[in-house]
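A.B. asks: output the structure for:
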Amino acid sequence: MNLHFFKASFATALFLTGSCFFGCSSEAPAIENNTLVNASYDPTREFYSNYNHIFMKHWKELTGKDVKITQFHGGSGNQAQEVINGLEADVVTLALEYDVNTIRNAGFIDKNWIQKFPQNSAPYTSTIVFLVRKGNPKKIKDWNDLVKDSIGIITPNPKTSGGARWNYLAAWAYAEKIYNGDESKVKEFVQKLYHNVLDLSSGARGSTNKFIEDQLGDVLLSWENEVFLAIREYPNKYEIIIPSVSILAEPSVAIVDKVVNKRGSRKLATEYLNYLYSDEGQHVAAKNHYRPTNKSILNQYKEFDQNIKLITIDYFGGWEKAQKVHFADGGIFDQIYEKK
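C.D. replies: Numbering: from 1, shown residues only. I've put the predicted structure just below:
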């Protein structure tokens, strides 16, 4: 496989019937009653393309029935709005809990959705790392190197991208560590970092396009899985840098209750998300560079650095507080970025 998929539109819809592979359609197909619809965030395209094939086989063995699966991808925040605006997704597999809560607050998802699946409805995790060009010409080793005047950073827009919000919070946590919680200095550090940002795409895959295809910037801040995917495709052109502090990114999955009630697809949607926790589902996640929540399976994949210091969203008081303080209109991100 080459990296032409990085040029795919962030709004791509993928349609699988068992014979159609990744990239088979760039148009949103008509949604049929025997079709499961998954609205997901940018970097999960390849993962769910692979997972859907094993799930279709599992569902056939379980029920004797065929199922068609449609994938929609974009920035996580944008995807949440698409569902609210009428995209009839049976399930959402988004970058963070807050985006699922946005759909819940609009009346589409049960208020107790996070308790319906194990691990707070996060079947796999990731973290935030750096991608640099081979040889690391700018000698980037940690977050403090990103505020130097000569560094060009590529990262998505926290207003639309879930991955971008994880990026921002990981940088903030590092700054709090080195400045002992001095908020003015922390804010100044993060402001300097974002003043070095050359492009804010709406989603993580768009930022990868800028860095890989357009050769823009010195460093890409991104999901661990997205960085490993780039290195796998271009093994002699890029390197991964693990920062001293990062964040435990927990993508969330949920049934869209309003849709499954309408379409009569609850059993199918439930099994689709449950099977992510199966051994086979966990191995597919790991092979696509997501960290399995099954520890015994995680330990089988040596590419994952388990010694990295990972803070959690609880460090920020949970997603509702983090969103209000940092990413809501007029929040800290708006304050520091508008000055650029």
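A.B. asks: going forward, measure contacts between C-alpha atoms and count neighbours the same way
C.D. replies: Will do.
A.B. asks: ok, which stretches of the stretch 1-150 of the chain are helices?
C.D. replies: 45-63, 76-84, 97-105, 118-121 (DSSP state H, counting those that start in this stretch).
A.B. asks: I'd like these as JSON lines, with distance to L229, mean pLDDT and mean neighbour count appended.
C.D. replies: Listed next are the helices of the stretch 1-150 of the chain as JSON lines, based on distance: least, CA to CA, whole Å; pLDDT from 0 to 100; neighbours: other CA atoms under 10 Å:
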{"stretch": "helix 45-63", "distance to L229": "9", "mean pLDDT": "96", "mean neighbour count": "17"}
{"stretch": "helix 76-84", "distance to L229": "19", "mean pLDDT": "96", "mean neighbour count": "23"}
{"stretch": "helix 97-105", "distance to L229": "24", "mean pLDDT": "97", "mean neighbour count": "21"}
{"stretch": "helix 118-121", "distance to L229": "24", "mean pLDDT": "97", "mean neighbour count": "16"}
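A.B. asks: so which of those gets nearest G162?
C.D. replies: G162 lies closest to helix 76-84 among these, at 5.2 Å (CA to CA).
A.B. asks: ok so, going back, make JSON lines from the helices of the stretch 1-150 of the chain and add distance to A285 to it.
C.D. replies: Listed next are the helices of the stretch 1-150 of the chain as JSON lines, based on distance: least, CA to CA, whole Å:
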{"stretch": "helix 45-63", "distance to A285": "7"}
{"stretch": "helix 76-84", "distance to A285": "19"}
{"stretch": "helix 97-105", "distance to A285": "19"}
{"stretch": "helix 118-121", "distance to A285": "15"}
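A.B. asks: between these, which gets nearest to K111?
C.D. replies: Comparison of those against K111 by CA to CA identifies helix 97-105 as nearest, at 6.3 Å.
A.B. asks: by contact count, what packs against the closest one?
C.D. replies: helix 76-84, strand 252-255, helix 319-322 (3 or more CA pairs under 8 Å, 6 or more residues apart in numbering; DSSP states H and E).
A.B. asks: what are the C-alpha coordinates of it, in PDB please?
C.D. replies: Extracted C-alpha coordinates of helix 97-105, given in PDB (Å, rounded to 0.1, in the frame of the first residue of the first chain):
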ATOM      1  CA  GLU A  97     -15.900  11.400  25.400                       C
ATOM      2  CA  TYR A  98     -16.900  15.100  25.000                       C
ATOM      3  CA  ASP A  99     -17.900  14.700  21.400                       C
ATOM      4  CA  VAL A 100     -20.200  11.700  22.300                       C
ATOM      5  CA  ASN A 101     -21.600  13.800  25.100                       C
ATOM      6  CA  THR A 102     -22.400  16.600  22.500                       C
ATOM      7  CA  ILE A 103     -24.600  14.000  20.600                       C
ATOM      8  CA  ARG A 104     -26.100  12.800  23.900                       C
ATOM      9  CA  ASN A 105     -27.000  16.400  24.900                       C
END
